[in-house]
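Undergrad: Any chance you can model this:
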Amino acid sequence: MLSGYWLRRLFWAIPTLFGVALIVFVLLRVVPGDPIAMLIPPGAREADIANLRELYGLDKPIWQQFVAWLSAVAQGNFGNSISLRENVLSLVLSRLPATLELAFFAVTIALTLGVLFAVASVYWRGRWPESIVDGFSGLALAIPDFLWGLIFILVLGVLIPVMPISGRLDPSLDFNPVTQFFFIESLLRGEFRVFASLISHLVLPALALALPLAAMIARVLKNSLIEAMDQDYILLARVKGFTRSRIIWREALRNALIPTVALTGVQFTFLIGGTVLIEYIYSYPGIGNMAIGAVIQRDLPLIQGLVLTFAVLFIAINFLIDASYHWLNPRVRQR
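TA: Model prediction:
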């Protein structure tokens, strides 16, 4: 029964991607502006403009352009970037690992802070520390991630310059990676100075992305913990003489985390979208930063490839979160 459910999920991913591709393709061509105009110098001849339009297939009707592009994508050919003059798929794959590292680092921080905030608030429930923790959570949620990013740059990058505020790696380090997954590769090769530099460059952008998500996790988890603390098995733990901290960490938290997993999965997709502005603010070389450059340059093939990449990421992340939810919750597995 579950195998049929997952097969249906995979099946519906295909029309979802098709719909995303169709909407983005049409919108990019009805929005005013000519991408070829970004390439040609002043005084270019009409014949040169016509040749460029023919080269990128922009001289054909929209439906023919879409069919030709979709057929190429099905064969793994996303076309060439108009502004960068490189293969779109190669460009996306070269930047995607940096974005994934940033996103997973941010989620790790968010989960850690969210759990700590929730546990602390429940532990001190009814006392003044609870108000402080809840107040900080409310502040973290009220300020959007890009504004947190600007605040961190101003405070920790300008006023008190203790952290790097741009790039992915210290350019003075001699590091010749085989892959674009710098995190994993630096650890496997024992390049600990490189690893430390990667961490230092990730801290501020990841923290900016993580704080609003951490506040959401803290609120949901706190409510789940409060409900769990009223259950019979918690009463039994109290009768056995367990301390309050042990009851929260070892008894209540396990069951309270289940709805938090679902929330984290939903919010993680929004966090991936949030990397666009954060990467631009910190000059971080990920697909988000590339997406802004592509929009400014009206680079249609690159925009289309990036949007499809984001769509695939969203579908894959939700699929993994659903799988983990089924694994964590026995009641769902038994249906």
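
Undergrad: Where does the prediction get shaky in the stretch 1-150 of the chain?
TA: Within the stretch 1-150 of the chain, the segments meeting pLDDT under 70 span 1-6, 9, 33-46, 48-49, 56.

Undergrad: Do a quick rundown of the helices in it.
TA: The residue ranges that make up the helices of the stretch 1-150 of the chain, judged by DSSP state H, counting those that start in this stretch, are 2-30, 46-55, 62-74, 88-123, 128-142, 145-152.

Undergrad: and of those helices, who's closest to Ile248?
TA: Taking CB to CB as the criterion, helix 88-123 is the member of the helices of the stretch 1-150 of the chain that comes nearest to Ile248, at 5.7 Å. For the C-beta atoms, the positions are set from N, CA and C on the backbone; glycine is no exception.

Undergrad: returning to what we had before: okay if I get the helices of the stretch 1-150 of the chain as TSV plus distance to Leu235 and mean neighbour count?
TA: Formatted as TSV, the entries for the helices of the stretch 1-150 of the chain read as follows, by distance: least, CB to CB, whole Å; neighbours: other CB atoms under 10 Å:
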stretch	distance to Leu235	mean neighbour count
helix 2-30	34	12
helix 46-55	74	12
helix 62-74	58	14
helix 88-123	16	20
helix 128-142	22	15
helix 145-152	41	18
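
Undergrad: tell me the centre residue of the chain?
TA: Relative to the mean C-alpha position of the chain, the nearest C-alpha, by CA atoms, centre = their mean, is the one of Ile272, at 2.0 Å.

Undergrad: Regarding the nearest residue to Gly114 once chain neighbours are set aside, what is its secondary structure?
TA: Leaving aside its sequence neighbours, Gly114 sits nearest to Ile217 (CB to CB, 6 or more residues apart in numbering; 2.8 Å). Per DSSP: H, G, I helix; E, B strand; the rest coil, the local secondary structure of Ile217 is helix.

Undergrad: so how far is Leu111 from Ile217?
TA: 7 Å (CB to CB, to the nearest Å).

Undergrad: list residues touching both of the two?
TA: By the contact definition CB atoms under 8 Å, 6 or more residues apart in numbering, Ile217 and Leu111 are jointly contacted by Thr264.

Undergrad: Kindly state the pLDDT recorded for the residue located most distally from the centre of the chain?
TA: Residue distances from the centre of the chain (CA atoms, centre = their mean) peak at Val239, which lies 44.2 Å from the mean C-alpha position. For Val239, the model assigns a pLDDT of 79.
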